[in-house]
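*Asks:* Below are the sequence and a predicted model; questions follow.
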Amino acid sequence: MADERADRGVPRGGFGRSARLVSLPLGFAGRAVGGWGRTLVGADADEVAAATLARNAEQLFAVLGTLKGGAMKLGQALSVYDAMIPAEIAGPYQEALAKLQTSSPPMPVADVHRMLAEQLGRGWRERFAEFDDEPRAAASIGQVHRAVWRGANGLRDVAVKVQYPGADLALDADLRTLERFSRLFGAIFPALDARALIRELRERTMEELDYRLEADRQRAFATGFADRPGLRIPRVVASAPKVLVTEWLDGFPLRDLLGGRGAEADRDRFGHTVVETMFASPSRVGLLHADPHPGNFLVLADGSGLGMIDFGAAASLPDGIPPVLVRILTLTAEQDSEGLDRLLRAEGFLAPDAGTADVLRWVGALADPLRVERFHFTEAWMARQGARVANPANRAYRDTGRALSFPPEYALVMRVLSGWMNILARLDCTVAARGLVERWVPGFAG
């Protein structure tokens, strides 16, 4: 019975969780030796390397998916970058990552009821006219149930997010352990500073455990975008530290349209909404949604637009996007290589001894959407950027990428922007991004 419970919700057994993570470097090493052996007997070195890389990725993300908790959280954070992965090994990545974004075994019904009683009181059933014990969605730290709330103004359909028992301990343990094995991610994502990403994830994820904080953020977004046509943010109905009740939205995840599925006009419209929300929220709300994930937007069933959900991860930007990042964005869009170099050195983002650095040559094309009136985000365009930006064999990466260093609060903003660019590329949409940035980002001169 204990083993069955360990596979539902957040696994309880610390030894089992650690053992699965410890198995990763052993598997990686074994495949490296095996690949070396196959090369010695005449196998093509590039084919062996590609096969080994694909198997390593498959094992890595399979383990993350079974662990859920912080491990699954990291997998989801990495998943938004799969548009930058080389085409010859993209299949195993996208298959494994898709599972991380969607699959998650439910916690036992008894645990759900116990959490509701602890958080909403023993009379929690009286607050609901109906409560569906079967979860409608699951994530890394909780699952969502559909219910009917009894309120002062009558009955209303609601989403009830219930946190997994022990999620806080599991998250902390997972991310601390993953930090120890961060070098393994370098075998798959060579340009990724996995240790820094895991540290940032740990800080941000610990905040997500308090659903009252998430409720406050959701209220702020709902108020800030109340007048925005085509975007609906569900109202908060009730909140407790580990239970959150909000309005129910009927629809399907935006990720279902990735890969160019659905009508082009709809994809363009939804892409516009995503870009506007991303750049407008710092000035409208003082917050930036910090979880770039295509499951955090729903295509509303009534056809009116998108619904935005899950506000556990958010960066506080009370004064909007930091001016130095706005200046960097402007100089990159204007292709001012010398001005960009001077600014980065002056702010300490570029090492003084990086004499051959050329940041514009390395990442400048990522500002392509800001140089034209309308830009077509495609996977082919994103793959070209990934081949340059994330390739350690590229001289620009060696001379520039390793010399760049952003403070954590700035790095988070950059990660959110790059994450959504990858998602937009997979959505295959055309957006007037430059006009939106000019409107919503004070100080930007495109």
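*Replies:* Received it, and whenever you're ready, just let me know what you need. Residues are numbered from 1 along each chain as shown.
*Asks:* ok, and the closest non-adjacent residue to Arg202?
*Replies:* Nearest in space to Arg202, with sequence neighbours left out and distances taken as C-beta to C-beta, 6 or more residues apart in numbering, is Leu175 at 4.2 Å. Quick note: C-beta positions are derived from backbone N, CA and C, even for glycine.
*Asks:* cool, Arg199 as well?
*Replies:* Computed as C-beta to C-beta, 6+ apart, the closest residue to Arg199 that is not its neighbour in sequence is Glu179, at 6.7 Å.
*Asks:* helix or strand right after the helix or strand where that neighbour lies?
*Replies:* For Glu179, the element it lies in under DSSP states H and E is helix 167-180. Where DSSP H and E defines the elements, the next helix or strand beyond helix 167-180 is helix 194-208.
*Asks:* and that next one, average pLDDT?
*Replies:* Per-residue pLDDT values across helix 194-208 average out to 76.
*Asks:* Next: stretch 413-429.
*Replies:* Along stretch 413-429, the predicted confidence averages to a pLDDT of 90.
*Asks:* Can you give me the buried ones in it?
*Replies:* If you call a residue buried by 16 or more other C-beta atoms under 10 Å, then stretch 413-429 has these buried ones: 413, 415-429.
*Asks:* for stretch 425-443, same thing?
*Replies:* Neighbour counts using 16+ other C-beta under 10 Å place 425-437, 440-441 of stretch 425-443 among the buried residues.
*Asks:* try stretch 161-172
*Replies:* Neighbour counts over stretch 161-172 (16+ other C-beta under 10 Å) mark Lys161, Val162, Gln163, Tyr164, Pro165, Ala167, Asp168, Ala170, Leu171, Asp172 as buried.
*Asks:* now, among those, which is nearest to Phe225?
*Replies:* When those are compared for distance to Phe225 (C-beta to C-beta), Lys161 comes out closest, at 20.3 Å.
*Asks:* Identify all residues paired with the closest one through a beta bridge.
*Replies:* Judged by DSSP bridges, the bridge partners of Lys161 are Val144, Leu244.
*Asks:* Now do the SS call for Pro106.
*Replies:* coil (DSSP: H, G, I helix; E, B strand; the rest coil).
*Asks:* any idea whether Ala147 is helix, strand or coil?
*Replies:* Bear in mind the rule, three-state DSSP; under it Ala147 is strand.
*Asks:* which residues sit in contact with it?
*Replies:* Going by C-beta atoms under 8 Å, 6 or more residues apart in numbering, Ala147 touches Phe128, Glu130, Phe131, Asp132, Asp157, Val158, Ala159, Val160, Val245.
*Asks:* can you count the residues close to the first one?
*Replies:* Neighbours of Phe128 under the rule other C-beta atoms under 10 Å: 19.
*Asks:* what does the last one give?
*Replies:* Val245 has 25 neighbouring residues, counting by other C-beta under 10 Å.
*Asks:* Surely Ala159 is in a helix?
*Replies:* No. If the criterion is three-state DSSP, then Ala159 is strand and not within a helix.
*Asks:* Looks like it contacts Val237 (just checking).
*Replies:* No. The criterion here is C-beta atoms under 8 Å, and Ala159 misses it with Val237 at 9.0 Å.
*Asks:* okay, and the common contacts of the two?
*Replies:* Here Ala159 and Val237 have Val245, Thr246, Glu247 as joint contacts, going by C-beta under 8 Å, 6+ apart.
*Asks:* sorry, back to before: the inter-axis angle of the helix holding Glu179 versus helix 194-208?
*Replies:* For helix 167-180 and helix 194-208, the angle between their directions (axes from the mean of the first three to the mean of the last three C-alpha atoms, to 10 degrees) works out to 170 degrees.
*Asks:* Before we move on, what's the pLDDT of the residue nearest to Arg199?
*Replies:* Note on Glu179: pLDDT of 75.
*Asks:* who's in contact with it?
*Replies:* Under the criterion of C-beta under 8 Å, 6+ apart, the contact partners of Glu179 comprise Arg195, Ile198, Arg199, Arg202.
*Asks:* Does the last one touch Asp174 like I think?
*Replies:* No. The pair Arg202 and Asp174 fails to qualify as a contact (C-beta under 8 Å) at a distance of 9.1 Å.
*Asks:* More neighbours: these two, which one.
*Replies:* Summary of the neighbour comparison: Arg202 and Asp174, criterion other C-beta under 10 Å, with Asp174 having more neighbours (30 against 19).
*Asks:* That one and Arg199, how far apart?
*Replies:* 13 Å (C-beta to C-beta, to the nearest Å).
*Asks:* Glu409 too?
*Replies:* Distance, Glu409 to Arg199, by C-beta to C-beta: 13 Å.
*Asks:* pLDDT below threshold where in the stretch 251-400 of the chain?
*Replies:* 353-357, 390-399 (pLDDT under 70).
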